[in-house]
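**Student:** With the input below, show me the fold.
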Amino acid sequence: MLPILVFSALLSAATANPFADLIEPGLDSNTAFYEGAARTYVFSPPAGYRLVLEEAAAAGLSMAYIPGDQDFDTADLLVGITIYKVDSAATSFAGIIAEDTAAIRSHYGGRIEMWPVDSMCNAQGEIIPTVYVNDPAAFVPTVMVSYYNGGAEIIILELVISPRQPRFKAEAVFELILERFKSLRRGDPSKIEFGQG
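**Tutor:** Residues are numbered from 1 along each chain as shown. This next block holds a predicted model:
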């Protein structure tokens with residue numbers, strides 16, 4: 001399965017947005033929207049982080065967030081977002097998670113530890129399955145990976161750090177990005193429902 005390149009409508013202060021009253025004030029060019037088959041996904045980073053599209057796409061991601069004063073290739077912290085289009089009813093959400101976590105284990109080797117993280121939620125309070133990644137004997141840049149089931153799309157958010165970045169600080173940024181992530185049913189903006197994926 002290949003990642004879909006995001007077609008993001010970046011917002012500026014002057015852009016008219018029918019979802020603006022449903023999202024925190026202060027939207028800027030770092031807020032990204034993705035129009036899925038039945039949902040609009042909204043990604044918004046904390047202050048001090050910026051959206052990266054072109055370099056993220058070259059790395060196989062749909063988009064990424066990095067500290068505003070750093071470059072993509074050398075960032076101390078990166079939240080990569082990949083949007084997969086589900087092509088078949090035979091593709092299950094649990095199967096995607098199993099396949100992805102197996103690939104992480106294979107990449108980092110046998111000592112890798114992975115366990116579920118409790119209570120990771122998006123802006124609507126939907127629980128987002130998340131795994132924590134660690135190697136007790138070596139540095140591992142992948143810290144956490146979250147999965148959102150949007151039905152026709154699966155959103156994967158991954159926290160990657162450098163050895164210079166304290167894990168606990170990076171985890172706080174990642175949690176904030178998840179807490180600001182929204183999945184809105186498409187349709188009349190005045191009748192948007194916040195529902196399960």
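**Student:** Now A98: phi and psi?
**Tutor:** phi -60, psi -40 (degrees, to the nearest 10).
**Student:** Give me the below-cutoff pLDDT ranges for this protein.
**Tutor:** Across the chain, the ranges flagged by pLDDT under 70 are 1-27, 89-90, 187-197.
**Student:** Then A47 would be within a helix, right?
**Tutor:** No. Under DSSP: H, G, I helix; E, B strand; the rest coil, A47 sits outside any helix and is assigned coil.
**Student:** neighbours around it, how many?
**Tutor:** A47 sits with 9 neighbouring residues when counted by other CB atoms under 10 Å. Heads up, the C-betas are built off the backbone N, CA and C, glycines and all.
**Student:** same deal with P46?
**Tutor:** Residues near P46, counting by other CB under 10 Å: 14.
**Student:** beta partners of the residue positioned nearest the centre of the chain?
**Tutor:** With distances taken as CA atoms, centre = their mean, L157 lies nearest the centre of the chain, 3.0 Å away. Beta-bridge partners recorded for L157 (DSSP bridges): I81, S146.
**Student:** these two touch, right, it and L78?
**Tutor:** No. L157 lies out of contact with L78 (CB atoms under 8 Å); the separation is 10.9 Å.
**Student:** Next, work out how far apart S44 and T101 are.
**Tutor:** 27 Å (CB to CB, to the nearest Å).
**Student:** ok, the two, which is more surrounded?
**Tutor:** S44 (24 against 16).
**Student:** Pretty sure N30 is one of the things the more buried one touches, is it not?
**Tutor:** Yes. Here S44 reaches N30: they are 7.2 Å apart, a contact under CB under 8 Å.
**Student:** list the contacts for the residue in the chain sticking out farthest from the centre?
**Tutor:** Largest separation from the mean C-alpha position in the chain: A137, at 27.5 Å (CA atoms, centre = their mean). By CB atoms under 8 Å, 6 or more residues apart in numbering, the residues touching A137 are R111.
**Student:** T142 touches Y132, doesn't it?
**Tutor:** No. In this structure, T142 is not within contact of Y132 by CB under 8 Å, at 9.8 Å.
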